[in-house]
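Q: Give me a 3D structure for the following:
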Amino acid sequence: MADPFVDRAGLEDQTIAAHRAYLDAQTAWEQLVKAGPTGLDEDHAGACEAAEAHKETCRIAFRDLADKLGHIPRSDRSLIGRA
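A: Reported below is the predicted structural model:
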């Protein structure tokens, strides 16, 4: 049974925003890894680790919101597209 005290529309908006943040973090991490080091290998490795950690934080936030909502929201603002 749905929690009557949960703002479903607000939760959907948060979930969509979290998914976009995850996609942005995933893209940034992939681009950084693909680009390879432009300076010291250690600096690049550290930047890759930081980007991957941020990506995982975003993924977990999205997963937790989707779990709380009970589904992946779909709307005319598509999870894949940009608003």
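
Q: residues contacting the closest residue to Ala51 other than its chain neighbours?
A: On the basis of CB to CB, 6 or more residues apart in numbering, the spatially nearest residue to Ala51 that is not a chain neighbour turns out to be Trp29, at 4.1 Å. (C-beta placed from N, C-alpha, C; glycine too.) Contacts were defined as CB atoms under 8 Å, 6 or more residues apart in numbering; by that measure Trp29 touches Cys48, Ala51, Glu52, His54, Lys55.

Q: all helices of this structure, in order?
A: Assigned helices in the chain, in chain order: 8-35, 41-69 (criterion: DSSP state H).

Q: Just the angle for the last one relative to helix 8-35, thanks.
A: Between the direction of helix 41-69 and that of helix 8-35, the angle (axes from the mean of the first three to the mean of the last three CA atoms, to 10 degrees) works out to 160 degrees.

Q: Going by contacts, tell me the helices and strands next to helix 41-69.
A: Here helix 41-69 touches helix 8-35, going by 3 or more CB pairs under 8 Å, 6 or more residues apart in numbering; DSSP states H and E.

Q: now the helix it packs on, how far from the chain's geometric center?
A: Averaging C-alpha coordinates over helix 8-35 and over its chain gives two centres that are 3 Å apart (CA atoms, centre = their mean, to the nearest Å).

Q: Which positions within it qualify as buried?
A: Using 16 or more other CB atoms under 10 Å as the burial criterion, the residues of helix 8-35 that qualify are 11-16, 18-23, 25-26, 29, 32.

Q: likewise stretch 51-62?
A: Buried, per 16+ other CB under 10 Å, within stretch 51-62: Ala51, Glu52, His54, Lys55, Cys58, Arg59, Ala61, Phe62.

Q: Apart from its chain neighbours, what residue comes closest to the third one?
A: With CB to CB, 6+ apart as the measure, Ala25 is the residue that lies nearest to His54, at 5.2 Å, once sequence neighbours are left out.

Q: Check this structure and tell me which residue is nearest its centre.
A: Averaging the C-alpha coordinates of the chain gives a centre point, and the residue nearest to it by CA atoms, centre = their mean is Tyr22 (1.4 Å).
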